[in-house]
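Engineer: I would like to see how this sequence folds:
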Amino acid sequence: TTTGRPNGTWNNEMGYGLVDAYQAVLLAGAEECPENLLITQTYTAGAVDDQEASNVIVSLSEINSGADVTFDAGVGVYLFPGFHAQIGCEFLGVIDGCGGVQKTEGDEPQVNTPAQITSRSTISDLKCYPNPFSESTILSYTLDKDQRISLSIFNPNGQEVARLLENADQIAGKHEMTFDGKDLPAGIYFYRFTDGAGNVSMGKMSKLE
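Structural biologist: Next up is the predicted model:
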C-alpha cells in the first residue's frame, strides 16, 4: 500500500516510475520462463500442471488417468518414445509460448511429433550411431542449403552438457560429427540442432555404462 501518491504510483525520484501492474506481472513471468524444458516426470491421478517454455518442450512423461497437464512452447512440443497419456487424463499441447494459457471448452491439442518438427527444418536425415554408445557416437545430418548451424547436447534434466557447434557456417549436403561422451554418466541424452532460421530438430541417444 502506498500513501501520499496519486493513484498508487511510485515516486520517479526513487527510480521506479509509473508501472502498470498487469504488465509488470507479465514481464516477471517472461523473465522466469525457460527457453527449453525436458520433462520426464510421471503425473498421477489428480495432478495439475502447466509447463511453459519460450522455445521447445521435450517430454517422456507418463500422464495417468485423472491428471490435467498442459505443455505450452513457442516453437514445438516434442513427445518422444516413453511419453504416454492414458485414457481419462486431460493433456493439451500448445504452440504459443510464455505468458499463460487458459484452457477453455473445445480446445484442441496442437502437438508436434519429432518427425513433424524436423520436417519443417532445413536439417534432415538425423542419425546417431552407434546408439546406444559407450564412449563416442557419430551425429549425421543433411543440410538442404548453405547456412549456420548450432548443435548442443542435453542431459535428462535439460542442462546443456556439450556445445559442438555455435552458428557455424556449413555448406549444403551431408555432414558427420563425432561426439565424445566417455566422461558423461550413463543415461539418456538429447542432441539439438538449430538451423539458420531458428528451426529446431532433436534426437535421443543413450550412453552405456
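Engineer: tell me the mean pLDDT for the lengthiest strand in the chain?
Structural biologist: Longest strand of the chain, by residue count under DSSP state E: strand 160-170. Here strand 160-170 scores 94 as its mean pLDDT.
Engineer: cool, and stretch 36-55?
Structural biologist: So the average pLDDT for stretch 36-55 ends up being 88.
Engineer: what lines up beside the helix or strand residue 72 falls within in the sheet?
Structural biologist: Residue 72 belongs to strand 68-73 when elements are defined using DSSP states H and E. With DSSP bridges as the test, strand 68-73 is paired with strand 48-53 (parallel), strand 90-95 (parallel).
Engineer: got the CA positions of the first one in PDB?
Structural biologist: Okay, so that is strand 48-53. Extracted in PDB, the C-alpha atoms of strand 48-53 (Å, rounded to 0.1, in the frame of the first residue of the first chain):
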ATOM      1  CA  VAL A  48      -2.500 -30.400 -12.300                       C
ATOM      2  CA  ASP A  49       0.500 -28.900 -14.000                       C
ATOM      3  CA  ASP A  50       1.100 -26.200 -16.600                       C
ATOM      4  CA  GLN A  51       4.600 -26.100 -18.100                       C
ATOM      5  CA  GLU A  52       5.800 -23.200 -20.300                       C
ATOM      6  CA  ALA A  53       9.000 -22.600 -22.400                       C
END
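Engineer: Next secondary structure after it?
Structural biologist: Next along from strand 48-53, by DSSP H and E: strand 56-59.
Engineer: What mean pLDDT does the helix or strand following the strand holding residue 72 get?
Structural biologist: Next helix or strand after strand 68-73 toward the C-terminus (DSSP H and E): strand 76-79. Strand 76-79 carries an average pLDDT of 80.
Engineer: rewinding a little: who are the packing partners of the longest strand of the chain?
Structural biologist: strand 147-154, strand 173-180 (3 or more Cβ pairs under 8 Å, 6 or more residues apart in numbering; DSSP states H and E). (Glycine included, C-beta is placed from N, CA and C.)
Engineer: which of the ones you listed sits most buried?
Structural biologist: Mean neighbours per residue, mean count of other Cβ atoms under 10 Å, is largest over the helices and strands packed on strand 160-170 for strand 147-154, with a mean of 18.
Engineer: What strands flank that strand, and is each parallel or antiparallel?
Structural biologist: Strand 147-154 is paired, per DSSP bridges, with strand 160-170 (antiparallel), strand 187-194 (antiparallel).
Engineer: so how far is that strand from its chain's centroid?
Structural biologist: 14 Å (Cα atoms, centre = their mean, to the nearest Å).
Engineer: between that strand and strand 173-180, how big is the angle?
Structural biologist: 30 degrees (axes from the mean of the first three to the mean of the last three Cα atoms, to 10 degrees).
Engineer: And the contacts of strand 147-154?
Structural biologist: 36, 38, 122-123, 139, 143, 160-170, 177, 179, 181, 189-197 (Cβ atoms under 8 Å, 6 or more residues apart in numbering).
Engineer: Repeat the analysis, applying 7 Å as the threshold.
Structural biologist: For strand 147-154, the surrounding residues in contact (Cβ atoms under 7 Å, 6 or more residues apart in numbering) are 38, 122, 160-170, 179, 189-196.
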